[in-house]
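Asks: sequence plus predicted model, see below.
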Amino acid sequence: MLNDFLYLMNAELLVTLIIFILLFLKLSNEEWKNEGLLNFINFLLLINLAAGFFYIPNGNLFGDMFHTSELVTFEKNLLNLGTLIISLQSHDWLKTHKHVAEFYILLLSTLLGMFFMISANNLLMFYLGLELSTIPLAALSNFDLEKRRSSEAAFKFIISSAFSSGLLLFGISMLYGATGTLNFMGIKAHLNGNPFQVFSFILLLAGFGFKISAVPFHLWTADVYEGSPVAVTSYLSVISKGAVLFVMISIFYNVFTPIADSWYNMIFLISVATMIIGNLFALRQQNMKRFLAFSSIAQIGFILVGLSAQSTAGSSSVIFFILIYIFSNLGAFGVISLVSAVKGKENMDDYRGFYKTNPVLSWVLAISLFSLAGIPPMAGFFGKFFLLFAGAGKGNYSLIIIAALNMVVSLYYYLKVIKIMFMDANEHPLEKIKTHWQPKIAMALCVGGILVTGIASGAYNYIHSLLK
C-alpha cells in the first residue's frame, strides 16, 4: 500500500517536498540572496519537470477517488513545463522582491491543487483540488504589495472565485442528490437527462466558465490580469486555465456523455459568445496585459470549438492546443514581463519603435503573436486547424464559419502590435534591455516550442495515442 502511494502520487509528493524545502529555508537563520535562491528554486523545478518523464504510473488510490495514467502524467508535465518557464521569466522581477520564498510556496501550492484536480475521480476530490489551487492565487494576485491596483485585483479575484465556487458546489450537491454518488462512473450510470440533472450540470458549467474566463463569466479577467504582477497574470492565463480545461475534457467526455446533446448546445453558444466578445474587446485595448487578457478569452472560444466535438479528435486537439498555448502565450508574456520589470512600461504605445533598440525581444513577441493569431507555419495555425477540424466532425459548419471569421478579426489586433513595434516611428523608443540568462532560456524555449511543435507532428500523434 505504501509503495502504491509513493508510486502513484510521485508528482504530488515531489511538489510537496519542494514546498517543505522552501519552508525550511524560510524558517532557517541563514539569509539567502535572491539571486542564489532563484537559481536553487529553478534547479528544483527542473528536477521536478524531468522526474515526470521517468516515472509514469497507472492506477487508483483512496477508494478510486484519485487516479493517474499516462495521459494524466503528460498533462501534469505540461503544467510543470509552464511553471518552470514562468519562473525563469520572472527573474528580473523577483530578484529585487522581499518575499521570493513565499511567492514560490504559494505558486507551488496552487500547482499541487491542480494536480489533485486533474487526478480526481470523484467530485469531492476535484473540489478540494480546485480550492487548493484557487485560494493561493488570490494571494499571488496581491504580490505587488506596494501597488493599490494589485490589492484591487486580488479582491476582485477572490470575490469572483468565491461566487463561482458557490455555484460549482451547489451544482455538485444537486448532482449528488440526483444520483446518490460523487464518483464519476457512478454519476454517469445514474444520468438520464431529466431537467433536475441538466440544471445541476448548468451550475457546474457556470463554475467552470468562471475559471476559464468564458463569456458571460469573464468580467473579472481583464481587471485581475492588469492589476496582478505579470508572472501571476501569465500563470492565470496559461497554467490555471490549462488545468481546468484538462478537467473539463475528463468530466464532459467520461461522465456527462448521457446528456451530451444538452451540453453540446450550451458549449456551442458559449463558444460563439466567447470568441466574438473576446475579439471585440481586444480590438480597443491599450494596456498590453488587458490586451492579452481579452486575447486569451477569445482563445478559450476556439478551444471550446474543439471541446464540442465529443470525440477523441476533439480531446486530442484541445490538449495539443494547450501545449501550443503554453509556448505562445508565455512567449508574449515573457517579453511584457521583462519590459514591465526593467522599464515599468505596460502600454501598447510604449512599444513604438521597439524593434530599433530591442530586435531580439521584438521577434520573440512577434513570433508569439503570429502563433496566437494562427499564421502558418507557427504552431498556433496547426493548433487551431485541429480544433476546427475536430469541431467540424459534428457537422455544425455554422460554428466553424463563425470561428474562421473570428480568426480573421483577431489578425487585426495581433498585427497592430507588430506594426507598432516594427513600423511606427518613435524618436525616443525604449532603451535596450539587458536580459539575464534565465529569461533568455525561457524565451528560447517558447520560440523553439512554437516553431518545432507546429512543424513536427509527433506531439499531436503522441497525445492522440494516449487517448485511444
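Replies: Yep, it's here.

Asks: the stretch 301-450 of the chain: helices as residue ranges?
Replies: Assigned by DSSP state H, counting those that start in this stretch, the helices in the stretch 301-450 of the chain fall at 312-343, 354-357, 359-373, 379-392, 397-422, 437-455.

Asks: to clarify, my last question referred to the stretch 151-300 of the chain.
Replies: Secondary structure of the stretch 151-300 of the chain, counting by DSSP H, counting those that start in this stretch: helices at 184-190, 195-212, 221-227, 230-234, 241-254, 260-282, 288-307.

Asks: what is the fifth one packed up against?
Replies: Judged by 3 or more C-beta pairs under 8 Å, 6 or more residues apart in numbering; DSSP states H and E, helix 241-254 is in contact with helix 70-89, helix 100-119, helix 123-141, helix 184-190, helix 195-212, helix 288-307, helix 312-343. Backbone N, C-alpha and C define where each C-beta goes, glycine included.

Asks: mean pLDDT added to those, as CSV?
Replies: Shown next, in CSV, are the helices and strands packed on helix 241-254 (pLDDT from 0 to 100):
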stretch, mean pLDDT
helix 70-89, 91
helix 100-119, 91
helix 123-141, 89
helix 184-190, 88
helix 195-212, 90
helix 288-307, 90
helix 312-343, 88
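
Asks: just for the chain, where's the confidence low?
Replies: For the chain, the stretches with pLDDT under 70 are 1-5, 29-30, 457, 468.

Asks: if we can go back for a sec, so which of the helices of the stretch 151-300 of the chain is the most packed in?
Replies: Using mean count of other C-beta atoms under 10 Å, the stretch among the helices of the stretch 151-300 of the chain with the largest mean neighbour count is helix 230-234, at a mean of 28.

Asks: other SSEs contacting it?
Replies: With contacts defined as 3+ C-beta pairs under 8 Å, 6+ apart, helix 230-234 has these neighbours: helix 70-89, helix 91-94, helix 123-141, helix 221-227, helix 288-307, helix 312-343.

Asks: distance to Phe54 for those - can I get that in TSV?
Replies: Converted to TSV, the helices and strands packed on helix 230-234 look like this (distance: least, C-beta to C-beta, whole Å):
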stretch	distance to Phe54
helix 70-89	10
helix 91-94	27
helix 123-141	24
helix 221-227	35
helix 288-307	30
helix 312-343	20
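
Asks: do you know which of the ones you listed lies nearest Ser398?
Replies: Nearest of the helices and strands packed on helix 230-234 to Ser398, taken as C-beta to C-beta: helix 288-307 at 11.4 Å.

Asks: give me the angle between the closest one and helix 397-422.
Replies: 150 degrees (axes from the mean of the first three to the mean of the last three C-alpha atoms, to 10 degrees).

Asks: for the closest residue to Ser213 other than its chain neighbours, list the residues it contacts.
Replies: Spatial nearest neighbour of Ser213, chain neighbours left out: Thr221 (4.4 Å); criterion: C-beta to C-beta, 6 or more residues apart in numbering. For Thr221, the contact set (C-beta atoms under 8 Å, 6 or more residues apart in numbering) comprises 213, 293-294, 296-297.

Asks: any chance of these in TSV, with distance to Leu304 too?
Replies: Listed next are the contacts of Thr221 as TSV, based on distance: C-beta to C-beta, whole Å:
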residue	distance to Leu304
Ser213	11
Ala293	17
Phe294	16
Ser296	13
Ile297	11
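
Asks: which one of those residues sits closest to Ile420?
Replies: Nearest to Ile420 among these, with distances taken as C-beta to C-beta, is Phe294, at 17.0 Å.

Asks: which residue sits closest to the closest one, ignoring its sequence neighbours?
Replies: Excluding the flanking residues, the one nearest Phe294 by C-beta to C-beta, 6+ apart is Ala282, at 3.8 Å.

Asks: can I assume that neighbour is in contact with Tyr413?
Replies: Yes - taking C-beta atoms under 8 Å as the definition, Ala282 is a contact partner of Tyr413 at 5.0 Å.

Asks: now do the shared contacts for the two.
Replies: Common neighbours of Ala282 and Tyr413, using C-beta under 8 Å, 6+ apart, are 291, 295.

Asks: next, Thr96: phi, psi?
Replies: Note on Thr96: its backbone torsions stand at phi -110, psi 10 [degrees, to the nearest 10].

Asks: what's the local residue count around it?
Replies: The number of residues packed near Thr96 is 9, by other C-beta atoms under 10 Å.

Asks: ok, for it, nearest residue in space, not its chain neighbours?
Replies: Nearest non-adjacent residue to Thr96, counting by C-beta to C-beta, 6+ apart: Asn34, 7.2 Å away.

Asks: follow-up on the earlier one: adding mean neighbour count and distance to Ala260, write the helices of the stretch 301-450 of the chain out as TSV.
Replies: Shown next, in TSV, are these (neighbours: other C-beta atoms under 10 Å; distance: least, C-beta to C-beta, whole Å):
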stretch	mean neighbour count	distance to Ala260
helix 312-343	25	11
helix 354-357	19	47
helix 359-373	23	30
helix 379-392	23	14
helix 397-422	17	16
helix 437-455	19	30
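
Asks: distance to Leu44 added to these, as a markdown table?
Replies: Formatted as a markdown table, the helices of the stretch 301-450 of the chain follow (distance: least, C-beta to C-beta, whole Å):
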| stretch | distance to Leu44 |
| --- | --- |
| helix 312-343 | 19 |
| helix 354-357 | 34 |
| helix 359-373 | 26 |
| helix 379-392 | 28 |
| helix 397-422 | 35 |
| helix 437-455 | 14 |
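
Asks: ok, back up a step: wait, which of the helices and strands packed on helix 241-254 is closest to Tyr355?
Replies: That would be, of these and by C-beta to C-beta, helix 312-343, which comes in at 12.0 Å.

Asks: and the closest one with helix 359-373, angle?
Replies: For helix 312-343 against helix 359-373, the angle by the same axes, to 10 degrees is 150 degrees.

Asks: would you mind getting the angle between helix 312-343 and helix 437-455?
Replies: Using the same axes, to 10 degrees: helix 312-343 against helix 437-455 is 150 degrees.

Asks: helix 70-89 and helix 312-343, what's the angle between them?
Replies: For helix 312-343 against helix 70-89, the angle between stretch directions is 10 degrees (the same axes, to 10 degrees).

Asks: for Thr68, see how far away the nearest residue to Asn42 once chain neighbours are set aside is.
Replies: Computed as C-beta to C-beta, 6+ apart, the closest residue to Asn42 that is not its neighbour in sequence is Ser87, at 5.6 Å. Using C-beta to C-beta, to the nearest Å, Ser87 is found at 24 Å from Thr68.

Asks: need the max-distance pair from the contacts of Thr221.
Replies: Spanning the widest gap among the contacts of Thr221 are Ser213 and Phe294, at 9.3 Å by C-beta to C-beta.
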